[in-house]
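> My questions concern the predicted model and sequence given below.
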Amino acid sequence: MNSNFLTQYGGEIATLTVEHLWLTGAAMLFATAIAVPAGIGLTRSPRWAKPVIGVANVLQTIPSLAMFGFLLPLPWLGDRAARIAILALTAYALLPILRNTYAGIRGIDPSVIEVARALGLTGRQRLFKVELPLAAPFILAGLRTATVTCIGIATIAAAVGAGGLGELIFRGVASVDNRLVLAGAIPAALLALAADGALALLERRFKVPAPEASA
Amino acid sequence: MSIAIEFRNLFVAAPRGRLLLDNISLALKEGTTTAILGRSGSGKTTLLRAVNRMVEPSRGEVLLHGTSIRTLNLISLRRNMGYVIQETGLFPHFTVERNVGLVLEAQGRPRKERLRRSHQLLKAVGLSPASFADRFPHQLSGGQRQRVGLARALAAEPDFLLMDEPFGALDPLTRAEMQDMLRSLLDGLKKTVLLVTHDMDEALYLGHRIVMLSEGRLIANLRPEEFVASRLREVAEYVQAFRHGGRSAASENRVEERRG
């Protein structure tokens, strides 16, 4: 890519990167707001875990282009492409967060939960002081998987006119201009790597060392 | 001395209908330690967990100072009962100091008070606050973890202490040390203690009363010296097995077999 190309497209790349971040970020917020409480709820009534996680699993398997297509005719969504994109991305982000929240809490040493109950912690105290902090590395790992996936899928959102870095990729493909394809693909890949690294750091902060064998 | 804990015709059924506790009636005096003995599956742990409502009876009731525990607030009932288990259940993400002060934290007591109390208790269980307060559970040995578990159970000054095989996972020397520590600690506190154990010597050393269960039924409720001299068939067999036959004979045989 020569400097000529960058002066011509630099501004656009920046705008589209911001748009890409906004689509992904909004979707992650919604998905977290739904999936973390839902995951907690499933630990309270585990018989729902299989069907609910199953539904999230099915959502995950819908090809992204088809998902955007399905949502296009919906009345309130159809006139705002960004809304479609955010909804679709939210659907994809649900599964990893939901599954990891559920598994993270269920995986806590049962004796710790037992003592928390027996010592008279209220349900809320047990959740916020014990369960969520101990499940945090798992929940963050789910968030990380979801974020990286969504940054990738968000490039498809350009197909329904939602903008983002996919815009450049689609345009590059249509005009057989590899420079344009790369101008979309490289920042998208860098975004994914940066998000992955940042969340991995956060995840490590919450990790609790495993107990050594008793002496 | 008044009756602190009373079990009245208590039945507990497992989900599939098998009786875990079969018509237990038992009264424990305030300020005493009662050791519950019995084989695995005899209902020892269930009896203990019925007191803090970790298990709900299918019939009968448990009374604390004459009041049915079902009429008491569940959270305050549990906060008034220290709970110590074999696996300790220390919170791995909290320091020792915070683990010990957790019940006080749950009660919303100020931080200063929590720290003072937790350091005081660490000393009482034989751990120097200066070197242990800031450690995490994974940095402790098994015996030290049990000490922290005990300190946590006592932090909110509960009237009752429920202990389920607290020293079951420790080596014999550490266990003896812990038993000594617990006995001298309890002597000064006058708490009503329920101690589940499968170690008869531990029961005799720590208990004012020895309760024996078998298949969910109450077999005996005796003073230690009565227990070892008891002519009740099941008690006598248990004492016999523990003292002469049972484990030691079995292991002698094993040694013989290997030599042969």
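In hand now; what should we look at? Here the structure is a predicted model, which is why all the values come from computation and not from measurement.
> For the rest of this, base every contact and every neighbour count on C-alpha atoms.
Noted.
> In the chain, which residue is most central in space?
Going with chain A. Geometric centre of chain A, nearest residue: A:Ala146, 2.8 Å, by Cα atoms, centre = their mean.
> wrong chain, I was asking about chain B
B:Met163 (1.7 Å).
> What residues are bridge-paired with that one?
Beta-bridge pairing of B:Met163 under DSSP bridges involves B:Val84, B:Leu195.
> wait, doesn't it sit right on B:Tyr83?
Yes: if you go by Cα atoms under 8 Å, B:Met163 and B:Tyr83 touch, sitting 5.9 Å apart.
> helix, strand or coil for B:Leu63?
strand (DSSP: H, G, I helix; E, B strand; the rest coil).
> Leaving aside the residues adjacent along the chain, what's closest to it?
The shortest distance from B:Leu63 to any non-neighbouring residue, by Cα to Cα, 6 or more residues apart in numbering or on different chains, is to B:Glu6 (5.0 Å).
> Just give me the neighbour total for the one you found.
Neighbour count for B:Glu6, taken as other Cα atoms under 10 Å in any protein chain shown: 22.
> still on that earlier bit, mind checking what secondary structure the residue nearest to the centre of chain A has?
Under three-state DSSP, the three-state class of A:Ala146 is helix.
> one step back: what are the phi and psi angles of the residue nearest to B:Leu63?
B:Glu6 adopts backbone torsions of phi -130, psi 130, taken as degrees, to the nearest 10.
> Who are the contact partners of it?
B:Glu6 makes contacts with B:Ser25, B:Leu26, B:Ala27, B:Leu28, B:Val62, B:Leu63, B:Leu64, B:His65, B:Gly66, as judged by Cα atoms under 8 Å, 6 or more residues apart in numbering or on different chains.
> same thing but at 6 Å, please
B:Leu26, B:Ala27, B:Val62, B:Leu63 (Cα atoms under 6 Å, 6 or more residues apart in numbering or on different chains).
> Just list what whichever strand or helix holds the first one packs against, helices and strands only.
What that stands for is B:Leu26. Element membership for B:Leu26, per DSSP states H and E: strand B:19-29. If contacts are counted by 3 or more Cα pairs under 6 Å, 6 or more residues apart in numbering or on different chains; DSSP states H and E, strand B:19-29 sits against strand B:3-13.
> Around chain A, pick out the residues from chain B.
B:Ile75, B:Arg78, B:Arg79, B:Gly89, B:His93, B:His138, B:Ser141, B:Gly142 (Cα under 6 Å from any Cα of the partner chain).
> Dump stretch B:200-209 to PDB, keeping only the CA atoms.
What follows is stretch B:200-209, C-alpha atoms only, in PDB (Å, rounded to 0.1, in the frame of the first residue of the first chain):
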ATOM      1  CA  MET B 200     -13.600 -42.900  68.300                       C
ATOM      2  CA  ASP B 201     -10.500 -41.600  70.200                       C
ATOM      3  CA  GLU B 202     -11.300 -38.100  68.900                       C
ATOM      4  CA  ALA B 203     -14.900 -38.400  70.100                       C
ATOM      5  CA  LEU B 204     -13.800 -39.600  73.500                       C
ATOM      6  CA  TYR B 205     -11.200 -36.900  73.900                       C
ATOM      7  CA  LEU B 206     -13.500 -34.000  72.800                       C
ATOM      8  CA  GLY B 207     -17.000 -35.100  73.600                       C
ATOM      9  CA  HIS B 208     -19.000 -34.600  76.800                       C
ATOM     10  CA  ARG B 209     -21.500 -36.900  75.300                       C
END
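> Show me the contact partners of it.
With contact meaning Cα under 6 Å, 6+ apart, stretch B:200-209 is reached by B:Thr33, B:Thr34, B:Ala35, B:Leu222, B:Arg223, B:Pro224.
> cutoff 7 Å now
B:Thr32, B:Thr33, B:Thr34, B:Ala35, B:Arg183, B:Thr197, B:Ile210, B:Asn221, B:Leu222, B:Arg223, B:Pro224 (Cα atoms under 7 Å, 6 or more residues apart in numbering or on different chains).
> Okay, buried residues for that stretch please.
Using 16 or more other Cα atoms under 10 Å in any protein chain shown as the test for burial, stretch B:200-209 gives B:Met200, B:Glu202, B:Ala203, B:Leu204, B:Leu206, B:Gly207, B:His208, B:Arg209.
> and what of stretch B:172-187?
Residues of stretch B:172-187 classed as buried: B:Thr174, B:Arg175, B:Met178, B:Gln179, B:Leu182, B:Leu186 (neighbour count, 16+ other Cα under 10 Å).
> biggest helix in chain A by residues?
helix A:3-44 (DSSP state H).
> other SSEs contacting that one?
If you count contacts as 3 or more Cα pairs under 7 Å, 6 or more residues apart in numbering or on different chains; DSSP states H and E, helix A:3-44 packs onto helix A:81-106, helix A:132-153.
> Can you report how many residues lie near A:Leu202?
Neighbour count of A:Leu202, defined by other Cα under 10 Å: 15.
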